[in-house]
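Undergrad: turn this into a model:
(one chain, ligands or ions: 1)
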Amino acid sequence: MVLLFYSQTSKHNIMANVKFFSGKEIPLEMHKVRIVQKLSLPPVEERVARMNEAGNNTFLLQNRDVFMDMLTDSGVNAMSDLQQASMLRADDAYAGSETYNRMTAKVSEIFGMEYFLPVHQGRAAENILATAFVKPGDVVPMNFHFTTTKAHITRLGGSVEELIVPEGLEPINDCPFKGNFDIPRLEALIEKVTPARIPFVRIEAGTNLIGGQPLSLQNMREVAALCKKHGIKVMLDASLLQDNLYFIKEREEACKNMSIREITAEIASLMDIIYFSARKFGFARGGGIAIRTKEDEMRMKEFIPLYEGFLTYGGMSVREMEAIVVGLDESMDEDVISQGPKFIEYMAQELHKRGVPVVLPAGGLGCHINATEFCKHIPQAEYPAGALAAAVYITSGVRGMERGTLSEQRNEDGSERFAELELLRMAMPRRVYTLSQVEYAIDRIAWLYQNRELIGGLKFVEEPKVLRFFFGRLAPTSNWQEKLVEKFRKDFGDSL
Ligand SMILES: Cc1ncc(COP(=O)(O)O)c(C=O)c1O
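TA: Residues are numbered from 1 along each chain as shown. As a prediction, the model looks like this:
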């Protein structure tokens, strides 16, 4: 793993525009490495043992046993030199802290909203928003759910309605904005449920669970207009906004000549509330809620000291808050925000060329492998995406994250709720891995694809009721992992 320092801001989006004489399309990093962290790669026999000690759940692996950590992009993005430098001036006064003032001023500069509440991460914002606004029987429409968002809404007796366009659930098609709302369905839902039972409509930028797919600015305008017409609040989950901003600029004709800041301001002008996980949007660890009206701020404010910490830090370290202030500025820089999507696009295209089924067009956040296709022979009840995650780790020491049925909660009656998509997400922490490391991951995954028939299913041996994918433990349904190791040794000799 490499910690990369971003040292200066350029005027042009260089990464997206440099052409190579060879004609190859290679994403060019616009930063250089100044601090590194040593990695190790245990041999395949050890990897299979570690995977089983971890209950075949990549969340339960120890980092010392992982070569490339592609579990998530959350809180693991490399910081810039300017972020590190800013941490030294943090003001840790409990009340009236300058760090808080700087963070509030930056959020309000970027989103144009007057009020700001700090929280320790994204799901903490979701807890507070749900606690303040959701009542039993309420319905929250959204383009797609996120695990923690849904858990907080359902915990309070509300339910979630997903209104993604049909293309969003097709692994491969040409749609540039697979994260868009299906507007006629939103309209029909509002009619049916009535605005009184809809506390807010939630827009998720860079829709996580369907492969980091973006929505267009135009779609957000239509959602906001509909909400306004019916007097419903509109809320943006901006955790993955930086990728979405890049895609809007790249793919939405009307936005080609707008700056990233202008696009952000335009999006923010449509919203009543914007919350974010700064573990993603902000390149550090924390979160926040930007609010347009005093009335909404008052509804949520009292929960901050109750659940998070005093209003000046909301559970965050002041040093992280300073890093977020700089990170938010960097999120407005196209050279910075294009790095993730460009690397992801590269990985997805290279896998696609080798026949590996991936989600296309590639989204943000990570390269998503379609486990339904990859592991056609594994029934959905045996968690094909979870099995693939275990197999990828055994094969490569690279850890990804299951985003399929394992990540769902069972229905009330205990039956499985099968996910629409069975994906293995190979997250791309920003500014962390080099292209040769990405090439290694591509190579091992391509080998696994050639040997996919060897992968078998998984079954639960310990299954928590809520958010089971975090702590659940599973076992292979047969001795398929031993056979996979045997084949690895046969093909790779004594290679790690
Ligand atoms: C879209 C989205 N919303 C909310 C969250 C929750 O944020 P956190 O992990 O900081 O709690 C995440 C985290 O992955 C996310 O991707």
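Undergrad: so who does whichever residue of the stretch 101-250 of the chain sits closest to the ligand touch?
TA: Residue of the stretch 101-250 of the chain nearest the ligand, by C-beta to the nearest ligand atom: G122 (2.3 Å). Yep, even glycine has a C-beta here, placed from its N, CA and C like the rest. Going by C-beta atoms under 8 Å, 6 or more residues apart in numbering, G122 touches 148, 237, 239, 275-277, 279-280, 287.
Undergrad: and the residue of the stretch 301-450 of the chain closest to the ligand?
TA: Closest point on the stretch 301-450 of the chain to the ligand, by C-beta to the nearest ligand atom, is L365, at 7.4 Å.
Undergrad: hang on, that residue packs against A205?
TA: No. With contact defined as C-beta atoms under 8 Å, L365 does not count as touching A205 (10.9 Å).
Undergrad: need the overlap of contacts for the two.
TA: In contact with both L365 and A205: 240, 243, using C-beta under 8 Å, 6+ apart.
Undergrad: give the contact list for A132.
TA: Per C-beta under 8 Å, 6+ apart, neighbours of A132: 299-300, 303.
Undergrad: please apply the same query to I172.
TA: So I172 contacts 357, 359-360 (C-beta under 8 Å, 6+ apart).
Undergrad: in TSV, list those residues along with distance to the ligand and neighbour count.
TA: Shown next, in TSV, are the contacts of I172 (distance: C-beta to the nearest ligand atom, whole Å; neighbours: other C-beta atoms under 10 Å):
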residue	distance to the ligand	neighbour count
P357	23	19
V359	16	26
L360	21	20
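Undergrad: how much space separates the residue of the stretch 101-250 of the chain closest to the ligand from S277?
TA: 3 Å (C-beta to C-beta, to the nearest Å).
Undergrad: give me the common contacts of the two.
TA: Contacts common to G122 and S277, judged by C-beta under 8 Å, 6+ apart, are 239, 287.
Undergrad: and the stretch 51-200 of the chain, which of its residues are near the ligand?
TA: Contacts of the stretch 51-200 of the chain with the ligand, taken as C-beta under 6 Å from any ligand atom, map to 74, 121-123, 146, 148.
Undergrad: may I ask which of the residues you listed has the most neighbours?
TA: Ranked by neighbour count (other C-beta atoms under 10 Å), those have G122 at the top, with 26 neighbours.
Undergrad: domains for this protein, by residue range?
TA: 14-73+336-492, 81-335 (automatic domain parsing).
Undergrad: how distant is stretch 290-298 from the center of its chain?
TA: 26 Å (C-alpha atoms, centre = their mean, to the nearest Å).
Undergrad: gap between the two ends of that stretch?
TA: Start-to-end span of stretch 290-298 (C-alpha to C-alpha, to the nearest Å) is 12 Å.
Undergrad: the residue lying closest to E439 once chain neighbours are set aside sits in which helix or strand?
TA: Spatial nearest neighbour of E439, excluding adjacent residues (C-beta to C-beta, 6 or more residues apart in numbering): E350 at 7.8 Å. E350 belongs to helix 339-353 when assigned by DSSP states H and E.
Undergrad: now Y275
TA: strand 273-277.
Undergrad: briefly note if that strand comes near the ligand.
TA: Yes. Strand 273-277 reaches the ligand (C-beta under 6 Å from any ligand atom) through S277.
Undergrad: any regions of the stretch 151-300 of the chain where pLDDT drops low?
TA: Filtered on pLDDT under 70, the stretch 151-300 of the chain yields no residues whatsoever.
Undergrad: can you pull out the strands in it?
TA: Along the stretch 151-300 of the chain, counting by DSSP state E, counting those that start in this stretch, strands occupy 159-162, 200-204, 233-237, 273-277, 287-291.
Undergrad: show the contacting residues for whatever residue of the stretch 251-400 of the chain ends up closest to the ligand.
TA: Here the residue of the stretch 251-400 of the chain nearest the ligand is S277; by C-beta to the nearest ligand atom that distance is 3.1 Å. By C-beta under 8 Å, 6+ apart, the residues touching S277 are 74, 121-123, 125, 239, 287.
Undergrad: could you rerun that using 7 Å?
TA: 74, 121-122, 239, 287 (C-beta atoms under 7 Å, 6 or more residues apart in numbering).
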